[in-house]
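Asks: have a look; sequence and predicted model below, questions after that.
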Amino acid sequence: MYIRPYVEIHNSELHMTDFLLAIDQGTTSTRAMIFDDQGQVAAMSQMPFSQSFPHDGWVEHDGMEIIQTVTRVVEQALADLPAGASVSAAGITNQRETTLIWDRETGVPVYPAIVWQDRRTAGLCHEMIEDGLQAMVSEKTGLLLDPYFSATKIKWILDHVDGARARADKGELAFGTVDSFILWHLTGGEVHQTDVTNASRTMLFNIQDMMWDMDLLRLFEVPAALLPQVKASDHHFGDMTMFGKTIPITAMAGDQQAALIGQNCFLPGQVKCTYGTGGFIMMNVGDKPVRSQNRLLTTVAYKIQGEVAYALEGSFFCAGSAVQWLRDGLKIIKNVEETEELARSTDSSNGVYMVPALTGLGAPHWNPAARGSLFGLTRATGVAEIVRATLESVGFQTADLLTAMQQDANISFEVLKVDGGMVENGWLLQFLADIMQVGVVRPQVPETTALGISLLAGLGSGVFGSVNELSMVCPYLNVRLPKLGASDVMTQRDNWANAVKSTCYYSR
């Protein structure tokens, strides 16, 4: 089902406007958004696709269904542009780490896409950690040995699909994260490339040398012939043709890096959090990588106009997906919008704490075996308390990551920039400000992942001349300031920490 596009651009303005297409391929849906050069939305189309959970901890997508949704939403958005308008350039942003291996002749995957949430290789990662390989992997990649990343997913496919390893060795197969797979199909199989941000999430890319690392390829038994070329984020990756018109693809970046750009976090210490299926905090730390002492990730933020920036990142796996579970699993709410009213209907969660480890715990805990828990239930506990505890868990996870990030980077900040679907919930925004004791702001255009990749496409195509021009495009709404006192916050955070410890203990 399509979400119908909408138009905010007047025909009288078309002669002076450049339009930029964002292809935003996410975990649960694909969207195409077209922005003008002032960051205003001209057209949008969105389409969900199937989710598959064949075993406990496994998450898969149909690669060809993803391509079908990309084609359909792009066609729909282009068709709904105002008459006479044309798109100057396009950018691709994507769910990161999700892994595909496909036939170079047909473009058809040899196995379903293994999604970033998938935990099937947790045992292999544990064995490697026990073998003392964590330090080497982290030094080269900035990442932790975890099934979250692409390397062990690639190895799993090669080891479990009949003939895949032999064909990979012969150069008959191609690997890519979702950006590469989309690019391959949009260019008719002519271009097999990725950008530095997506490459840095594979656990095969050396973020200091900025190239595929041969030691890591040997460690994970990945043939070099599988890999795409790695380019800057604002590279001209190729051209796509729609309705007889050629559109240059001049930007690619992983979804969280695209959101960092859309939130104008171009200076060291600027930080954003995107709330989608999971929660993703990213802080710009400048032109040199910062190594975490708190099990956070060091990753490539972007390479733009020849300059590389690094970021510290922490992610938790369940944010919006925890609310979806309340709706689709427990069926205690009918829609996501109900959660704000329910949270406001009670003065507190009355001692109820939810640890939403529905697919394991991410940073800074990194416990793939953890399972979700509810603590503090009594006969008086109702739907409102459980819903509020679920929303509060998003704030607690955010606060855990921000505290660790501040310690690693030795940077304090007063404002957190937030985006994603959950930031429409005003109660949650206030709780975030309270529990972190910082100001919280959201942009006028909440979908900054799509905005960021469109701005980057404009930079790559010459619509914008510099990063400074990008920083003028995204206006912000009012700041939410803390209302709770520091002592109240510490009590709640201590209770949350105890709930996490108990969850990890009983998940052993």
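Replies: That came through fine.

Asks: list the contacts for residue 28?
Replies: By Cβ atoms under 8 Å, 6 or more residues apart in numbering, the contact list for residue 28 reads 48, 49, 51, 277. Bear in mind the C-beta positions are built from the backbone N, C-alpha and C, glycine included.

Asks: before we move on, what about residue 231?
Replies: Counted by Cβ under 8 Å, 6+ apart, residue 231 has contacts 193, 194, 195, 196, 237, 252.

Asks: try 10 Å this time
Replies: 191, 193, 194, 195, 196, 199, 237, 252, 303 (Cβ atoms under 10 Å, 6 or more residues apart in numbering).

Asks: give the bridge partners for it, please.
Replies: Beta-bridge pairing for residue 231 (DSSP bridges): residue 195.

Asks: now the phi/psi pair for the closest residue to residue 192 other than its chain neighbours, please.
Replies: Nearest residue to residue 192 in three dimensions, chain neighbours excluded: residue 228, at 4.7 Å (Cβ to Cβ, 6 or more residues apart in numbering). Backbone torsions of residue 228, given as degrees, to the nearest 10, read phi -80, psi 160.

Asks: how far away is residue 228 from residue 54?
Replies: Distance, residue 228 to residue 54, by Cβ to Cβ, to the nearest Å: 27 Å.

Asks: just residue 493 next, same as before
Replies: 37 Å.

Asks: okay, these two: which has more neighbours?
Replies: Taking other Cβ atoms under 10 Å, residue 493 and residue 54 do not tie; residue 493 has more neighbours (17 against 9).

Asks: check contacts around the residue nearest to residue 192.
Replies: Residue 228 neighbours (Cβ under 10 Å, 6+ apart): 174-177, 179-181, 183-184, 191-195, 198-199, 202, 212.

Asks: cool, residue 110 as well?
Replies: 63, 100-103, 157-158, 161-164, 167-168, 172-173 are the contacts of residue 110 under Cβ under 10 Å, 6+ apart.

Asks: so for the strand or helix carrying residue 299, mean pLDDT?
Replies: Using DSSP states H and E, residue 299 maps to strand 297-304. Strand 297-304 shows an average pLDDT of 95 in the prediction.

Asks: and the pLDDT for the most far-flung residue of the chain relative to its centre?
Replies: In the chain, the greatest distance from the average C-alpha position (Cα atoms, centre = their mean) is reached by residue 379, at 38.4 Å. With respect to pLDDT, residue 379 has a value of 94.

Asks: and it, how far from residue 343?
Replies: 21 Å.

Asks: state the distance from the residue farthest from the centre of the chain to residue 415.
Replies: 42 Å.

Asks: residue 24 now?
Replies: Counting by Cβ to Cβ, the gap from residue 24 to residue 415 is 25 Å.

Asks: give me the below-cutoff pLDDT ranges for the chain.
Replies: By pLDDT under 70, the low-scoring segments of the chain are 1-16, 474-477, 507-508.

Asks: domain-wise, how is it divided?
Replies: Residue ranges for the domains of the chain, per automatic domain parsing: 11-251, 264-442+478-508.

Asks: which one of those domains lies nearest to residue 258?
Replies: domain 11-251 (4.0 Å; Cβ to Cβ).

Asks: helix, strand or coil for the closest residue to residue 434 other than its chain neighbours?
Replies: Distance criterion Cβ to Cβ, 6+ apart; nearest residue to residue 434, sequence neighbours excluded, is residue 484 at 4.0 Å. State at residue 484, reduced to three classes by DSSP: H, G, I helix; E, B strand; the rest coil: coil.

Asks: max-length helix in this protein?
Replies: helix 383-409 (DSSP state H).

Asks: pull out the buried residues from it.
Replies: 384-402, 404-406, 408-409 (16 or more other Cβ atoms under 10 Å).

Asks: what do you get for stretch 29-39?
Replies: 30, 31, 32, 33, 34, 35, 36, 37, 39.

Asks: spatially, which two of those are the most separated?
Replies: Maximum distance among the buried residues of stretch 29-39 (Cβ to Cβ): 24.0 Å, for 30 and 37.

Asks: quick revisit: so how far is residue 205 from the residue nearest to residue 192?
Replies: 11 Å.

Asks: would you format the contacts of residue 28 as TSV with secondary structure, neighbour count and distance to residue 96 included?
Replies: Converted to TSV, the contacts of residue 28 look like this (DSSP: H, G, I helix; E, B strand; the rest coil; neighbours: other Cβ atoms under 10 Å; distance: Cβ to Cβ, whole Å):
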residue	secondary structure	neighbour count	distance to residue 96
48	strand	14	19
49	coil	17	17
51	coil	13	17
277	coil	23	12
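
Asks: ok, so of the residues you listed, who is nearest residue 130?
Replies: Taking those together and measuring to residue 130 by Cβ to Cβ, the closest member is residue 277, at 30.2 Å.

Asks: distance of that closest one relative to residue 350?
Replies: 28 Å.

Asks: likewise for residue 94?
Replies: For residue 94, the distance to residue 350 - Cβ to Cβ - is 41 Å.

Asks: the two: who's more crowded?
Replies: Each of residue 94 and residue 350 had its neighbours counted (other Cβ under 10 Å), and the higher figure belongs to residue 94 (32 against 16).

Asks: hmm, that one is touching residue 253, no?
Replies: Yes - the pair residue 94 / residue 253 is scored as a contact, 8.4 Å apart, by Cβ atoms under 10 Å.

Asks: now do the shared contacts for the two.
Replies: In contact with both residue 94 and residue 253: 179, 197, 198, 449, 453, using Cβ under 10 Å, 6+ apart.

Asks: so the second one sits in a strand?
Replies: No - counting by three-state DSSP, residue 197 is not found in a strand; it is helix.

Asks: still on that earlier bit, filter the contacts of residue 110 down to just the ones in helices.
Replies: Short answer: those in helices (DSSP H) are 63, 157, 158, 164, 167, 168.

Asks: quick one: contacts for residue 93?
Replies: Counting by Cβ under 10 Å, 6+ apart, residue 93 has contacts 22-26, 178-179, 182, 195, 197-198, 251-259, 261-262, 449-454, 456-457.

Asks: what's the answer for residue 53, then?
Replies: Contacts of residue 53 (Cβ under 10 Å, 6+ apart): 59, 60, 115, 117, 118, 359.

Asks: rewinding a little: Three-state assignment for the residue farthest from the centre of the chain, please.
Replies: Applying three-state DSSP: residue 379 is coil.

Asks: against residue 495, how distant is it?
Replies: Residue 379 is 20 Å from residue 495, by Cβ to Cβ.

Asks: most surrounded residue in the contacts of residue 231?
Replies: Counting by other Cβ under 10 Å, top hit in the contacts of residue 231: residue 252 with 34 neighbours.

Asks: return the residues in contact with that residue.
Replies: So residue 252 contacts 23, 90-94, 177, 179-180, 182-183, 193-198, 231-235, 237, 258, 453, 456-457, 460 (Cβ under 10 Å, 6+ apart).

Asks: 8 Å instead?
Replies: 91-94, 179, 183, 193-195, 197-198, 231, 233, 235, 237, 453.

Asks: quick one: which of the residues you listed is nearest residue 337?
Replies: residue 93 (26.1 Å).

Asks: secondary structure class for that closest one?
Replies: strand.

Asks: please pick the buried ones from the contacts of residue 110.
Replies: Buried, going by 16+ other Cβ under 10 Å: 63, 100, 101, 102, 157, 158, 161, 164, 167, 168, 172, 173, out of those.

Asks: distance to residue 290 added to those, as a markdown table?
Replies: Putting those into a markdown table (distance: Cβ to Cβ, whole Å) gives the following:
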| residue | distance to residue 290 |
| --- | --- |
| 63 | 35 |
| 100 | 31 |
| 101 | 33 |
| 102 | 35 |
| 157 | 33 |
| 158 | 33 |
| 161 | 38 |
| 164 | 37 |
| 167 | 40 |
| 168 | 35 |
| 172 | 40 |
| 173 | 36 |
